[in-house]
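*Asks:* Fold the following, please.
(chains A and B)
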There are 2 protein chains.
Amino acid sequence: MFGFHADELKVLLLKWNNIDWSLPRGRIYKEELIADAASRVLKETTGIHDVFLQQFHTFGAAQRHKNYTDDQAARLFDNKSKESREYELVHESIVSIGYYALVDFEKVVPNLAASYQWCEIPAIPDLLFDHNDMIELALVALRKDLRYLPIANLLPPKFTLREMQKLYETILNRTFDRRNFHKLLMSYDFLIKLPEKRVGTANKSPHLYQIDFEKYELALQDGISY
Amino acid sequence: MFGFHADELKVLLLKWNNIDWSLPRGRIYKEELIADAASRVLKETTGIHDVFLQQFHTFGAAQRHKNYTDDQAARLFDNKSKESREYELVHESIVSIGYYALVDFEKVVPNLAASYQWCEIPAIPDLLFDHNDMIELALVALRKDLRYLPIANLLPPKFTLREMQKLYETILNRTFDRRNFHKLLMSYDFLIKLPEKRVGTANKSPHLYQIDFEKYELALQDGISY
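*Replies:* I've put the predicted structure just below:
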């Protein structure tokens, strides 16, 4: 679960056993569609629902459990003997199907008993299992998918071109030339220039824009070039 | 397995039981990395090896087997009772992890006992399982990934800008304005213009180009815009 708000990109972490951090996770029921399982697990673990989940990668069984310590392993399998733990690790061949979502972390508030944290990418601690690798791959996927994602949903209803540019820059972790990027945005027909201006910013009052979502959807089908 | 050659995009189909067509497929061994399984299965089913395989989507168990006929089901499960078949369909919860590759179908020749066919996309027949849906999703993924894939490998060592444009157009199933697209290609630094020209074409002898693969790799990291 990626969260974006005001030029900040974060990841939702859950506390497990009150000690270790991990991503939201759960099992798929038999005869359940895996997309349905992803929504259900998210709702059960975080209370978050009705967000668009995008499958990005499936992680294999082998070499999955190498990166937790003996202490972590003991906490994870506290009801099991060492033998049954090892049997499970070697023979169960767990495959994890990764989904990501991108939401406004000021609007989407988790509702859960356990602790959670919206954590900035560079500050992510060592997570359970291979969850650090998963975040890395989810970020690569998010950046590759960005041309096709309706990320303008993460902006306020009225926004400046600079705010839209910052949205791309924050997710892509790069900068764009201001003039070229604004020219590029204006080459699409989904931006509606409003008579109003943003006041009280450091720059001289920039114009506000809003999205024509019908045209935006059409542009996203071919992908937004940048 | 997508194959491209001289403006044609095709998919490799295998004959199953001498009657039904399907994609190459197989099982993952316990403790095997799923990427290793994908390579092994491809080699075992087609003889093709050493190609770059890209994971694109994982397909769930539920509603997988709805699209084969009673005849097909009988052939697929010829050693099993109807009860054990149904048990397997309902309870085994098979998940399929899809990989695609993109090769030159004139250079990559399958080596297998069963029949195979490089089939053009519009001519693909009804396949077993949900393999038609899989091809559709693989194509969507291939087109989204295109900016990051070293597709110039599919061109001859010396090629014209028009041939490179046709490569994009064929895979994306759309056309580009010739002048704009050539200008775009030339805005990158990975194309080396050769003194030689292609002779004997309908157009007046166009210049030949080759790829500087070191610069090409760098450009692909950010993605090639088009």
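*Asks:* Now the strand or helix carrying A:Glu214: buried residues?
*Replies:* Taking DSSP states H and E as the definition, A:Glu214 sits inside helix A:213-222. Residues of helix A:213-222 classed as buried by neighbour count (16 or more other CB atoms under 10 Å in any protein chain shown): A:Tyr216, A:Ala219, A:Leu220. The way it works is simple: take the backbone N, C-alpha and C, and place the C-beta from them, glycine included.
*Asks:* Tell me the one among the residues you listed nearest to chain B.
*Replies:* Checking the buried residues of helix A:213-222 against chain B with CB to the nearest CB, the nearest one is A:Leu220 at 11.6 Å.
*Asks:* residues contacting the closest residue to that closest one other than its chain neighbours?
*Replies:* Nearest residue to A:Leu220 in three dimensions, chain neighbours excluded: A:Tyr148, at 5.5 Å (CB to CB, 6 or more residues apart in numbering or on different chains). Counting by CB atoms under 8 Å, 6 or more residues apart in numbering or on different chains, A:Tyr148 touches A:Leu220, A:Gln221, A:Gly223, A:Ile224, B:Lys144.
*Asks:* could you dump those to TSV with pLDDT and distance to B:Asn153?
*Replies:* Formatted as TSV, those follow (pLDDT from 0 to 100; distance: CB to CB, whole Å):
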residue	pLDDT	distance to B:Asn153
A:Leu220	93	29
A:Gln221	89	28
A:Gly223	88	23
A:Ile224	91	27
B:Lys144	90	19
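*Asks:* Farthest-apart pair in these, please.
*Replies:* Farthest pair in the contacts of A:Tyr148 (CB to CB) is A:Ile224 and B:Lys144. Separation: 12.4 Å.
*Asks:* Looking only at neighbour counts, state which of those two leads.
*Replies:* A:Ile224 (18 against 15; other CB atoms under 10 Å in any protein chain shown).
*Asks:* Check chain A for its longest helix and report it.
*Replies:* helix A:131-145 (DSSP state H).
*Asks:* which residues are contacting the helix or strand that it is followed by?
*Replies:* Sequence-wise, the next helix or strand downstream of helix A:131-145 (DSSP H and E) is helix A:161-172. Under the contact criterion CB under 8 Å, 6+ apart, helix A:161-172 has outside partners A:4, A:7-9, A:102, A:142-143, A:146, A:151-152, A:154-156, A:175-176, A:178, A:181-182, A:185-186, A:191, A:203, A:206-207, A:209, A:226.
*Asks:* Show me which of the contacts of A:Tyr148 is closest to A:Lys15.
*Replies:* B:Lys144 (34.9 Å).
*Asks:* Roughly how far does the closest one sit from A:Ile34?
*Replies:* For B:Lys144, the distance to A:Ile34 equals 20 Å [CB to CB, to the nearest Å].
*Asks:* Who are the contact partners of A:Asp104?
*Replies:* Contacts of A:Asp104 (CB under 8 Å, 6+ apart): A:Gly3, A:Phe4, A:His5, A:Asn153, A:Leu154.
*Asks:* Report whether stretch A:185-200 contacts chain B.
*Replies:* No - no part of stretch A:185-200 sits close enough to chain B to count as contact by CB under 8 Å from any CB of the partner chain; the gap is at least 12.4 Å.
*Asks:* what number of residues lie near A:Glu50?
*Replies:* That one is not Glu; residue A:50 is Asp. 8.
*Asks:* what do you get for A:Asp126?
*Replies:* 12.
*Asks:* before we move on, the earlier item: I would like the residues contacting the helix holding A:Glu214, please.
*Replies:* With CB under 8 Å, 6+ apart, helix A:213-222 has contacts from A:Arg147, A:Tyr148, A:Leu149, A:Pro150, A:Ala152, A:Tyr188, A:Asp189, A:Phe190.
*Asks:* Can you tell me the closest non-neighbouring residue to A:Ala138?
*Replies:* Distance criterion CB to CB, 6+ apart; nearest residue to A:Ala138, sequence neighbours excluded, is A:Tyr100 at 4.5 Å.
*Asks:* For the one you found, list the residues it contacts.
*Replies:* A:Met1, A:Phe2, A:Leu53, A:Gln54, A:Phe56, A:Ala138, A:Ala141, A:Leu142.
*Asks:* For chain A, which segments count as strands?
*Replies:* Secondary structure of chain A, counting by DSSP state E: strands at A:2-5, A:8-16, A:20-22, A:54-59, A:96-100, A:102-104, A:116-120, A:191-197, A:207-211.
*Asks:* Mean pLDDT added to these, as CSV?
*Replies:* Formatted as CSV, the strands of chain A follow (pLDDT from 0 to 100):
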stretch, mean pLDDT
strand A:2-5, 94
strand A:8-16, 93
strand A:20-22, 91
strand A:54-59, 95
strand A:96-100, 95
strand A:102-104, 93
strand A:116-120, 94
strand A:191-197, 94
strand A:207-211, 95
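*Asks:* would you list those in a markdown table and tack on distance to A:Gly47?
*Replies:* Shown next, in a markdown table, are the strands of chain A (distance: least, CB to CB, whole Å):
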| stretch | distance to A:Gly47 |
| --- | --- |
| strand A:2-5 | 14 |
| strand A:8-16 | 11 |
| strand A:20-22 | 17 |
| strand A:54-59 | 20 |
| strand A:96-100 | 17 |
| strand A:102-104 | 13 |
| strand A:116-120 | 10 |
| strand A:191-197 | 34 |
| strand A:207-211 | 28 |
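*Asks:* I'd like to know which of those strands is closest to B:Trp118.
*Replies:* strand A:54-59 (27.4 Å).
*Asks:* That closest one packs against which elements?
*Replies:* helix A:34-46, strand A:96-100, helix A:131-145, strand B:54-59 (3 or more CB pairs under 8 Å, 6 or more residues apart in numbering or on different chains; DSSP states H and E).
*Asks:* got the angle between the last one and helix A:34-46?
*Replies:* In terms of direction (axes from the mean of the first three to the mean of the last three CA atoms, to 10 degrees), strand B:54-59 departs from helix A:34-46 by 80 degrees.
*Asks:* May I have strand B:54-59 as PDB, with CA atoms only?
*Replies:* Coordinates of each C-alpha in strand B:54-59 appear next as PDB, following Å, rounded to 0.1, in the frame of the first residue of the first chain:
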ATOM      1  CA  GLN B  54       9.500 -12.000 -18.200                       C
ATOM      2  CA  GLN B  55       6.900 -12.800 -15.600                       C
ATOM      3  CA  PHE B  56       3.700 -10.800 -16.400                       C
ATOM      4  CA  HIS B  57       0.700 -12.200 -14.400                       C
ATOM      5  CA  THR B  58      -0.500 -14.900 -12.100                       C
ATOM      6  CA  PHE B  59      -3.800 -16.600 -12.800                       C
END
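*Asks:* List the contacts of it.
*Replies:* A:34, A:55, A:57-58, A:97, B:34-35, B:38, B:95-101, B:130, B:133-134, B:137-138, B:141-142, B:145, B:149.
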